[in-house]
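1. Structure for the following, please:
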Amino acid sequence: MIPLTLQEIADATGGRLADAHPDTVVSGPLSFDSRAVHPGGLFACLPGTRTDGHAFAAGAVTDGAVAVLASSPVTVPAVMVPDVTAALGDIARAVADRYTGLVLALTGSAGKTSTKDLLLHVLQLDGPTVANVKSFNNEIGFPSTVLRTEESTRYLVLEMGARGKGHITYLTGIARPRVSAVLNVGTAHLGEFGSREGIAEAKAEIVAALPPAAEGGVAVLNGDDPLVRAMADKTAAKVLFFGTTPDCDVRAEDINLNGAGRLSFTLHAQGQSAAVSPDVFGGHHITNALAAAALALAAGVPFETVARGLEGARIVSGARMEVTDRPDGVTVVNDAFNASPEATRAALDSLAHLAGDRPVVAVLGEMMELGDQAEEIHREVGALAAARGVGRLITVGGPNTAAMATAAREAGVSTVEHVTGRDDVLPLLDGPLPPKAVILVKGAHSLALDEIAAALATAGE
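-> Residues are numbered from 1 along each chain as shown. The predicted structure follows:
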């Protein structure tokens, strides 16, 4: 963390010091998990659903934190604030104001974390880089990412999520980006925004916050998505389009998936070209790879470094088209970190390519926050599962996934089972599976189906 004194933190948050010396320096990262306290850092006493962080304040200081951020009395040095979560943003803003490197931001309905992982792989070749851990992109994860920056950090990559209008504006007010990307506009959180146009309006906040082109602002936009392309009118920054159409500044040609579903393509930009093969599975990752390339190029990374960084780049956040070949010949595809309609359709497309003529089993959980269109969308996905060759489908969740199961059965999936909870999934798969079967596991994060996928991946050992 870029060092701040406790007095500077109190000033930034409008807080007051309690049993703490104003000149004490916070030099380590902030933590809100008492099991991961950093020496010299600050511990945030966040309220939780099961416990309250204030109960761990003394232990955090014993483990090396110089003070805690608290809203209730504690027995250790503290910065007392009315709202700990809001104070995290205030401290992050103070650190961002001192940060002299380049801030890059990205958003989209799907693929944010995958793109962030690929971009991190590229940027690290050019200089010290900090990025969100996994998908920690909300009002807690975002500021904690900013607070991991150091004076030597060259690039700060910030993934931004939005559950309503103004959310991205709030995040860009903490750390203003100079380069921002919008990947796509889908139907994730449709229930919150009401329409894809409403989602596009919220996503456009990330490019509206950019400085003008004369000050180095660059908006990186998906030229293949009409709603994203139209965001060029929402920014004063320079616009850089990525995609597969000939007018895109950063584009892909010769897109190919090998027999295992791994992506390769020819990258074209700045009058140069290179063949690259990221270590990712599924054709939908072309958007993520191109976005990562365009962001890095906009940041000034040389084309040769970008191409070298994409070659073999992996998605390290886990449970995103994570392919495991078991010793017994079964292949498990863990794409269960989360599920939007677009991502689920892409996973089914990739599954069909990966499986070829092998038997296909899909475990599909509910897709959340889709509003009035939820049942219809689930039914469409059920029909798509049949069209993509799924021979056995297990749906997990409530009435919407029951509707998915019905649609799949009507569309020709031979074996369809519906359960309400994840604990019922493994017993259904406890018996022998067809030889060389391919199993896809995907669902909303709240269902925790990644645990099912992990168990299936090791079952054949």
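
2. Report the central residue of the chain.
-> Centroid-nearest residue in the chain: Thr113, 2.7 Å away (criterion: C-alpha atoms, centre = their mean).

3. Which element, helix or strand, includes that residue?
-> Using DSSP states H and E, Thr113 sits in helix 112-123.

4. helices and strands around that helix, which ones?
-> Contact here means 3 or more C-beta pairs under 8 Å, 6 or more residues apart in numbering; DSSP states H and E; on that basis helix 112-123 packs against strand 102-107, strand 129-131, strand 155-159, helix 285-298, helix 303-310. (Each C-beta comes from the backbone N, C-alpha and C, glycine too.)

5. And for the residue in the chain sticking out farthest from the centre, nearest residue in space, chain neighbours not counted?
-> With distances taken from the mean C-alpha point of the chain and given as C-alpha atoms, centre = their mean, the most distant residue is Asp19, at 39.0 Å. In space, and not counting its chain neighbours, Asp19 is closest to Pro77: 5.1 Å by C-beta to C-beta, 6 or more residues apart in numbering.

6. try Ala386
-> Ala411 (3.5 Å).

7. Surely that neighbour touches Gly382?
-> Yes - taking contacts as C-beta atoms under 8 Å, Ala411 lies within contact range of Gly382: 6.8 Å.

8. neighbour count winner among the two?
-> More crowded of Ala411 and Gly382, by other C-beta atoms under 10 Å: Gly382, with 26 against 16.

9. which element is the more buried one on?
-> Using DSSP H and E, the element containing Gly382 is helix 374-387.

10. By mean pLDDT, flag the weakest helix or strand of the chain.
-> When the helices and strands of the chain are compared on mean pLDDT, DSSP states H and E, helix 190-193 comes out lowest with a mean of 75.

11. Can you pull out the residues in contact with that helix?
-> For helix 190-193, contacts defined as C-beta atoms under 8 Å, 6 or more residues apart in numbering pick out 163-165, 196, 199, 201-202, 369-374.

12. so how far is that helix from its chain's centroid?
-> Averaging C-alpha positions (C-alpha atoms, centre = their mean, to the nearest Å) puts helix 190-193 19 Å from its chain's average.

13. so which strand or helix has the closest residue to Leu106 other than its chain neighbours?
-> In this structure, Leu106 finds its nearest non-sequential neighbour in Ala181, 4.3 Å apart by C-beta to C-beta, 6+ apart. Following DSSP H and E, one finds Ala181 within strand 179-182.

14. Give me the sheet partners of that strand and which way each runs.
-> strand 102-107 (parallel), strand 218-222 (parallel) (DSSP bridges).

15. and the angle from the last one to helix 285-298?
-> Put plainly, it is strand 218-222. 170 degrees (axes from the mean of the first three to the mean of the last three C-alpha atoms, to 10 degrees).

16. ok, residues contacting the next helix or strand after strand 218-222?
-> Toward the C-terminal end, the helix or strand that comes next after strand 218-222 (DSSP H and E) is helix 226-229. Helix 226-229 is contacted from outside by Val182, Leu183, Asn184, Val185, Arg196, Glu197, Ala200, Lys203, Leu221, Asn222, Gly223, Phe241, using C-beta under 8 Å, 6+ apart.

17. buried sites along helix 226-229?
-> The neighbour-count check on helix 226-229 (16 or more other C-beta atoms under 10 Å) flags Leu227, Val228, Arg229 as buried.

18. Chain neighbours aside, what residue packs nearest to the second one?
-> In this structure, Val228 finds its nearest non-sequential neighbour in Asn222, 4.3 Å apart by C-beta to C-beta, 6+ apart.

19. From Ser109, how far off is that neighbour?
-> According to C-beta to C-beta, to the nearest Å, Asn222 stands 11 Å off from Ser109.

20. For Gly398, which non-adjacent residue is closest in space?
-> Using C-beta to C-beta, 6+ apart and skipping residues adjacent in sequence, the residue nearest Gly398 is Glu366, 6.3 Å away.

21. shaky segments in the stretch 51-200 of the chain?
-> In the predicted model, the stretch 51-200 of the chain carries pLDDT under 70 at residues 189.

22. related to what we said a few turns ago, could you dump the strands paired with strand 179-182 into CSV and include mean neighbour count and distance to Gln7?
-> Shown next, in CSV, are the strands paired with strand 179-182 (neighbours: other C-beta atoms under 10 Å; distance: least, C-beta to C-beta, whole Å):
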stretch, mean neighbour count, distance to Gln7
strand 102-107, 25, 26
strand 218-222, 28, 37
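
23. Please identify the helix or strand for Val239.
-> Assessed by DSSP H and E, Val239 sits inside strand 238-243.

24. That strand to strand 218-222, inter-axis angle?
-> 20 degrees.

25. heads up, I number from 27, so please use that
-> Let's use 27 as the start, then, which means that last one is strand 264-269.

26. Skip ahead from strand 264-269 and say which helix or strand is next.
-> Following strand 264-269 toward the C-terminus (DSSP H and E): strand 276-283.

27. List the buried residues for that next one?
-> For strand 276-283, a neighbour-count test (16+ other C-beta under 10 Å) marks Val276, Arg277, Ala278, Leu283 as buried.

28. now stretch 267-274
-> Under the neighbour-count criterion of 16+ other C-beta under 10 Å, stretch 267-274 has Phe267, Phe268, Gly269, Thr270, Cys274 buried.

29. Show me what the strand or helix carrying Val105 is in contact with.
-> Assigned by DSSP H and E, Val105 belongs to strand 104-106. Contact partners of strand 104-106, identified using C-beta under 8 Å, 6+ apart, comprise 32, 35-36, 39, 41-46, 68, 83, 93-97, 113.
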